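*Asks:* can't give you the sequence, but here's the structure:
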């Protein structure tokens, strides 16, 4: 007899006509999807006999003095700052830090939670996948079992402590800087579809343009992504063969890696930064000051984020009673460099 493959969250989402993230929230969360959508997802799960994989049993039980950090990329300068901050605070309180990475894969994220579980950590700091294909079941399972964890970025429908920055306000400040420099035609090279941070940063651009009575439409949001190659390829496709009259004079980017890729593409196309196109990144990774044209960027206090996340987590682990989730939003600072400075 041929064994049928076990139904997955993707099967349920496809049958219900929703994204994986929406299906996961409908099955596990509360309050962030409509009753009709929740009913449709539950009906699909019942029809397919879907049963979520369970997180391991040990996490949150009797533990040693260690905590886990789950990031999306081990080689990311952004996450390096978060890890350093969390490690410093954990060490000061006598805890060891264990680090794992999902490498931006939802299944690897689930497996990383199980790996940290096997290591018997007392709680987790998590930067979770939040895109169209994300399966969040393992995070809701942690919540159901009262396992202490802190998120670096909100997940709608999942009540948990969060440490993040005001992405909308920071993105808006970057565009206001460009407007003050005289730019009237601005486009945004956006992050991956389904990214909450990405949506917030686009919202900041929209608000700044609306306040200045400048046009900013969906056509001014250029799909890019997260990497150097994403920015490079998106900029080549967008700027190649574009007439000067139809060309934006300024670009904001989802992150610094995309911005660096954009700058390389502009150089190959014979366009100067900032004389022809001003460019702004986001995160302020250390390399920016050493580029041929130092890049203006929004500085995210990653070290402080890691410290606060570790503090919230350890306080929850050491408390004698359960605590209500806390949401801490830090200020991000615009660091102005040569990539946006030109006479007008």
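*Replies:* Yep, that arrived. Nothing here was measured: the structure is a model prediction, and the numbers come from that model.

*Asks:* every contact and neighbour count from this point should use C-alpha atoms.
*Replies:* Will do.

*Asks:* helices or strands up against the worst-scoring helix or strand of the chain on mean pLDDT?
*Replies:* When each helix and strand of the chain is scored by mean pLDDT, DSSP states H and E, helix 20-28 comes last, with a mean of 74. Using 3 or more Cα pairs under 8 Å, 6 or more residues apart in numbering; DSSP states H and E, the elements in contact with helix 20-28 are helix 9-16, helix 35-48, helix 137-144.

*Asks:* dump the ones you listed to TSV, plus distance to residue 266 and mean neighbour count.
*Replies:* Shown next, in TSV, are the helices and strands packed on helix 20-28 (distance: least, Cα to Cα, whole Å; neighbours: other Cα atoms under 10 Å):
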stretch	distance to residue 266	mean neighbour count
helix 9-16	39	20
helix 35-48	44	17
helix 137-144	41	19
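
*Asks:* angle of the least confident helix or strand of the chain against helix 35-48?
*Replies:* 90 degrees (axes from the mean of the first three to the mean of the last three Cα atoms, to 10 degrees).

*Asks:* so how far is helix 20-28 off the chain centroid?
*Replies:* 18 Å (Cα atoms, centre = their mean, to the nearest Å).

*Asks:* can you give me the end-to-end span of stretch 279-289?
*Replies:* 14 Å (Cα to Cα, to the nearest Å).

*Asks:* buried sites along that stretch?
*Replies:* 279-285, 288 (16 or more other Cα atoms under 10 Å).

*Asks:* which one of the residues you listed sits closest to residue 296?
*Replies:* residue 280 (5.1 Å; Cα to Cα).

*Asks:* that closest one should be in a strand, yeah?
*Replies:* Yes - under DSSP: H, G, I helix; E, B strand; the rest coil, residue 280 falls within a strand.

*Asks:* which pLDDT value belongs to it?
*Replies:* Turning to residue 280, the model gives it a pLDDT of 98.

*Asks:* right, and it touches residue 172 too?
*Replies:* No - counting by Cα atoms under 8 Å, residue 172 is not a contact partner of residue 280; they are 11.8 Å apart.

*Asks:* residue contacts, the closest residue to residue 40 other than its chain neighbours?
*Replies:* Among residues not flanking residue 40 along the chain, residue 16 sits closest, at 5.9 Å (Cα to Cα, 6 or more residues apart in numbering). Neighbour list for residue 16: 40-41, 44 [criterion: Cα atoms under 8 Å, 6 or more residues apart in numbering].

*Asks:* make a markdown table out of those and add distance to residue 159 and pLDDT.
*Replies:* Formatted as a markdown table, the contacts of residue 16 follow (distance: Cα to Cα, whole Å; pLDDT from 0 to 100):
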| residue | distance to residue 159 | pLDDT |
| --- | --- | --- |
| 40 | 23 | 87 |
| 41 | 21 | 81 |
| 44 | 25 | 82 |
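
*Asks:* from the residues you listed, which single one is nearest residue 83?
*Replies:* Once Cα to Cα is applied, the member of those that ends up nearest residue 83 is residue 41, at 36.5 Å.

*Asks:* quick one: the closest one from residue 156, how far?
*Replies:* 17 Å.

*Asks:* one more: residue 232?
*Replies:* With Cα to Cα as the criterion, residue 232 and residue 156 are 32 Å apart.

*Asks:* who's more crowded, these two?
*Replies:* Legend: neighbour count by other Cα atoms under 10 Å for residue 232 and residue 156, higher for residue 232 (23 against 16).

*Asks:* is the residue nearest to the more buried one when sequence neighbours are not counted in a helix, a strand, or coil?
*Replies:* Leaving aside its chain neighbours, residue 232 sits nearest to residue 261 (4.0 Å; criterion: Cα to Cα, 6+ apart). Three-state assignment for residue 261 (three-state DSSP): helix.

*Asks:* all numbers from here: first residue = 24
*Replies:* Sure, I'll start numbering at 24, so the last one becomes residue 284.

*Asks:* so how many other residues sit close to residue 284?
*Replies:* 20.

*Asks:* is it true that it touches residue 249?
*Replies:* No - Residue 284 is beyond contact range of residue 249, at 10.0 Å (criterion: Cα under 8 Å).

*Asks:* just to revisit the earlier point, got the buried residues of stretch 302-312 as a markdown table, with distance to residue 43 columns?
*Replies:* Output for those, formatted as a markdown table (distance: Cα to Cα, whole Å):
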| residue | distance to residue 43 |
| --- | --- |
| 302 | 34 |
| 303 | 32 |
| 304 | 29 |
| 305 | 27 |
| 306 | 28 |
| 307 | 31 |
| 308 | 31 |
| 311 | 36 |
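
*Asks:* identify the farthest-apart pair in those.
*Replies:* Farthest pair in the buried residues of stretch 302-312, by Cα to Cα: 302 and 308, 15.0 Å.

*Asks:* count of residues packed around residue 113?
*Replies:* The burial count for residue 113: 22, using other Cα under 10 Å.

*Asks:* contact partners for it?
*Replies:* 90, 119-120, 333-334, 337.

*Asks:* that one falls within a strand, correct?
*Replies:* No - going by three-state DSSP, the assignment for residue 113 is helix, not a strand.

*Asks:* so residue 151 makes contact with residue 123?
*Replies:* No - judged on Cα under 8 Å, residue 151 makes no contact with residue 123 at a distance of 12.0 Å.
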